[in-house]
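Asker: okay, here's the prediction I keep looking at, along with the sequence it came from:
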Amino acid sequence: MGNNVSGFKIIYRKEVRIMTKPQTISVTAPAEEEFPKEKYDELEQFIDGMETTKGALIEILHKAQGIFGYLPRDVQLFIARKLGIPGAEVFGVVSFYSYFTTKPRGKHTISVCMGTACYVRGADKILEKMKEKLGIESNEITEDGLFTLKDVRCIGACGLAPVVMVDDKVFGRVKVEEVDDILNQYRK
Amino acid sequence: MEKMRMNVLICSGTGCMASESEKVIKNLEAIIKARGFANEVEVVKTGCFGFCEQGPIVKIEPDNVFYVRVGPKDAKEIVDEHIVKGRRVERLLYKDPKENKPISRQEDMQFYKKQLRVALRNCGFINPEDIYEYIAAGGYEALGKALLEMTRDEVIEEIKASGLRGRGGGGFPTGLKWEITKKQESEVKFIICNADEGDPGAFMDRSILEGDPHSVIEAMAIGAYAIGADKGIIYIRAEYPLAISRLTTALKQAREAGLLGKRIFDTDFNFDIDIKYGAGAFVCGEETALINSCEGKRGEPNYKPPYPAQEGYWGHPTCVNNVETFANIPVIITKGAQWFASIGTEKSKGTKVFALAGKINNVGLVEVPMGVTLREIIYGIGGGIQGGRKFKAIQTGGPSGGVLTEKDLDAQIDYDSLLAVGSMMGSGGMIVMDETDNMVDIAKFYLEFTMDESCGRCTPCRIGTKRMYELLNKITSKKGTMADIDALKQLAYMIKDGSLCGLGQTAPNPVISTMKHFWNEYMDIIKDVDHPQGEGRYVPKNKIGMKS
């Protein structure tokens, strides 16, 4: 039953018509986006391998985001079906936690630390500059799909404040003038 | 284990890793091997030394030489000069900014002189990925003593006598919490470690988990024995990948060594620990919200009572303690409650770890006995304000705390005196601000944070913080009037009185305390300062909702 991914979609589309308001999830991803079956299989295997799924929803969502990169509605519904709980419950958890995202990520994720230590050392100016240079707001993806911009709460390198993290690489003591250089390293 | 002539300790905490300490490690290892010293000199990856401003830090033992800001290119010089020829590399020594003299010993530095490391005793000293280093440093001795020589009540009595209070911010006596949980009649009990460190700019718990994960595991086992639990959970932020990996390694090693699992120390005591991941929600630091999140639900707080000690995880009695609280437990058991109680002030015993950040010269992790003054921390340990500018304020307790000014600098740091001067201990974040910072902006910054993080369960917090933020936005864009200031004050007290959990009850604190200390900064950007309904018109808190 779990593998019948396309089956969910049909059900889902029927449901969507009777909803009073369309959900805000996954607006940028076309509903038709297909994920390879292997990815769903991997997730299913993970869930099947668990001792108990009681209270494991967050753990499963972490795994799913690791596999798919984000949590589009199809994946959320897949998990709901698999666990036998309402889709709303899954979405309720996904939307509650800032770590979970329902939008696809760019190739590189730029995280500008907006923890207090970085803020008092001028992180807000860095973030503004980033937004200006990329032409997007926080939690958006650039048109070319290269960057996702995020403002995060403290990555814990307060000694290097203000800090910008691109994927796993940390840039410390960043100045507004250096924003261009940082972006260009990934623009090649 | 082979005996080594020399140990090269290098910090591999998140802060130093961010400044390429991993490359330094690789280079050091390669060059040491190339010079043929691989079997007499060992590179040891340790936890955080605390002096993050000067990272990455390399310390050479037994010579006791402390190098700062070591780059990947400096590895060669350290090996060739220090390790091969025995000469110190003067260039990489820490220079005292006042006397401009190089200092090689950690103990001689202003930063370390006033510190007393209890919870951080092993951070920057042992390799956190090797259980035997922890055992060699006296680890798991406390667990053995508790299990073999002490009854459950004796353990609780010891913790009660030590005067240890919860380090997550609340300051509830730990021994009492254990006692309450123990008294509950239930077959199943849980002990949970709260490692959901959400305060932006605070990294005490992360550093302990990265630098000394076994101390937390050992303490949880002691706690579990005392309250009668056989299952523990560590709830940790998913944003701490390094801490998670160190913990996972530590748990695995502890299981292999028989220190977790069935019949620990050949007694009837069974105990094991699971890790649960948070997913980025500040409110999950609140214990009932944390338990909901552990159960895989939205992390919303519940009404108390029932307290988690009565009905917690899946309805069973549950004891929730903070990472730093746990880190203190093993030493209390081995060294005794008397020793611990001899440190600190009358009502706050022991030490407290603070993450010192902001506009201060020595950003880092410091641990001081309770009762030192803020002045000692800022000007002694912290080395004063960056760029020689003037001190303006210090925020303690993160988004839940308040600002303190020059006149409060001589207040002793403990739970009660910080509350008395209008702030709170909080989990240990300390952000220093200088004369260039605008306090209304800072208040707005914190409010934006709590607004974002409000879980939405109760109305005063969900809607109130939003309205306060809007008012602050209006004020900072210079469109505010006195009426807005009044509304802001009124809202602040309403949210404080009406919210369900600690997040809402403390959310207005930054606004209230900046208004108290920096009223003139609000007035500077208000349009109609001379408005007749000025300061003080807000409705007193017991009359809200009543017709006056």
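Answerer: Thanks, I have it. Residues are numbered from 1 along each chain as shown, chains lettered A, B, ... in the order given.

Asker: low-confidence stretches in the chain?
Answerer: Defaulting to chain A. For chain A, applying pLDDT under 70 flags the ranges A:1-33.

Asker: let me rephrase: I mean chain B.
Answerer: Scanning chain B for pLDDT under 70 picks out the ranges B:1-2, B:528-548.

Asker: how far does stretch B:47-56 sit from the chain's center?
Answerer: Centre-to-centre, stretch B:47-56 and its host chain are 15 Å apart (Cα atoms, centre = their mean, to the nearest Å).

Asker: so is it next to chain A?
Answerer: Yes. Using Cβ under 8 Å from any Cβ of the partner chain, stretch B:47-56 reaches chain A at B:52-55. Every C-beta, even on glycine, is put in place using the N, C-alpha and C of the backbone.

Asker: start and end of that stretch, how far apart?
Answerer: End-to-end distance for stretch B:47-56: 11 Å, by Cα to Cα, to the nearest Å.

Asker: same question, stretch B:97-104
Answerer: 14 Å.

Asker: tell me who's in contact with the spatially most central residue of chain B.
Answerer: Closest to where the C-alpha atoms of chain B average out (Cα atoms, centre = their mean) is B:Met204, at 3.0 Å. Contacts for B:Met204 (Cβ atoms under 8 Å, 6 or more residues apart in numbering or on different chains) come out as B:197, B:323-324, B:353-355, B:365, B:427-428.

Asker: pull the most distant pair out of those.
Answerer: Farthest-apart pair in the contacts of B:Met204 is B:Val323 and B:Phe354; separation 14.3 Å (Cβ to Cβ).

Asker: report the secondary structure state of the residue in the stretch 401-548 of chain B positioned nearest to chain A.
Answerer: Per Cβ to the nearest Cβ, B:Ile431 is where the stretch 401-548 of chain B lies closest to chain A, at 4.8 Å. Classification of B:Ile431 by DSSP: H, G, I helix; E, B strand; the rest coil places it in strand.

Asker: residues contacting it?
Answerer: B:Ile431 is in contact with A:116-117, A:120, B:201, B:357-358, B:394-395, counting by Cβ under 8 Å, 6+ apart.

Asker: what's the answer for B:Ile131, then?
Answerer: B:Ile131 touches B:139, B:214, B:250, B:253-254, B:257, B:259, counting by Cβ under 8 Å, 6+ apart.

Asker: try it again at 10 Å.
Answerer: By Cβ atoms under 10 Å, 6 or more residues apart in numbering or on different chains, B:Ile131 lies in contact with B:139-140, B:213-214, B:217, B:249-250, B:252-254, B:256-257, B:259.

Asker: what of A:Val163?
Answerer: In this structure, A:Val163 makes contact with A:111-115, A:117-118, A:121, A:123, A:126, A:152, A:154-157, A:170-174, B:15, B:18, judged by Cβ under 10 Å, 6+ apart.

Asker: and the gap between the residue nearest the centre of chain A and B:Thr450?
Answerer: By Cα atoms, centre = their mean, chain A has its centre lying nearest to A:Thr101, at 2.9 Å. Per Cβ to Cβ, to the nearest Å, A:Thr101 is found 22 Å from B:Thr450.

Asker: next: B:Ala420.
Answerer: Applying Cβ to Cβ to B:Ala420 and B:Thr450 gives a distance of 23 Å.

Asker: what are the structural domain limits within chain A?
Answerer: Chain A resolves into domains spanning A:5-96, A:108-185 when parsed by automatic domain parsing.

Asker: which of the ones you listed sits most buried?
Answerer: Ranked by mean neighbour count, these are led by domain A:108-185 with a mean of 20 (mean count of other Cβ atoms under 10 Å in any protein chain shown).

Asker: that older thread, neighbour-wise, which of B:Ala420 and B:Thr450 wins?
Answerer: Legend: neighbour count by other Cβ atoms under 10 Å in any protein chain shown for B:Ala420 and B:Thr450, higher for B:Thr450 (26 against 11).

Asker: mind telling me what element that one is part of?
Answerer: B:Thr450 is located in helix B:439-453, with elements delineated by DSSP states H and E.

Asker: number of nearby residues for B:Ile463?
Answerer: Using other Cβ under 10 Å, B:Ile463 is surrounded by 15 other residues.

Asker: looks to me like it is in a strand.
Answerer: No. Counting by three-state DSSP, B:Ile463 is located in no strand; its state is helix.

Asker: quick check: it touching B:Ala507?
Answerer: No. Using Cβ atoms under 10 Å, B:Ile463 makes no contact with B:Ala507, being 12.0 Å away.

Asker: shared neighbours of these two, which are they?
Answerer: Shared contacts of B:Ile463 and B:Ala507, counting by Cβ under 10 Å, 6+ apart, come down to B:451, B:454, B:495.

Asker: can you pick the most crowded of those residues?
Answerer: B:Ile495 (27 neighbours).

Asker: circling back to that earlier point, buried subset of the residues of stretch B:47-56 next to chain A as a ChimeraX selection?
Answerer: Under the burial definition 16 or more other Cβ atoms under 10 Å in any protein chain shown, those of the residues of stretch B:47-56 next to chain A that qualify are selected in ChimeraX by:
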select /B:52,53,54,55
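
Asker: same list, the residues of stretch B:47-56 next to chain A, but as a markdown table with distance to A:Gln45 and secondary structure please.
Answerer: Below are the residues of stretch B:47-56 next to chain A laid out as a markdown table (distance: Cβ to Cβ, whole Å; DSSP: H, G, I helix; E, B strand; the rest coil):
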| residue | distance to A:Gln45 | secondary structure |
| --- | --- | --- |
| B:Cys52 | 41 | helix |
| B:Glu53 | 46 | helix |
| B:Gln54 | 47 | helix |
| B:Gly55 | 41 | coil |
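
Asker: mind giving me a markdown table with the residues of stretch B:47-56 next to chain A and columns for distance to A:Ile47?
Answerer: A markdown table is the format used below for the residues of stretch B:47-56 next to chain A (distance: Cβ to Cβ, whole Å):
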| residue | distance to A:Ile47 |
| --- | --- |
| B:Cys52 | 40 |
| B:Glu53 | 45 |
| B:Gln54 | 47 |
| B:Gly55 | 41 |
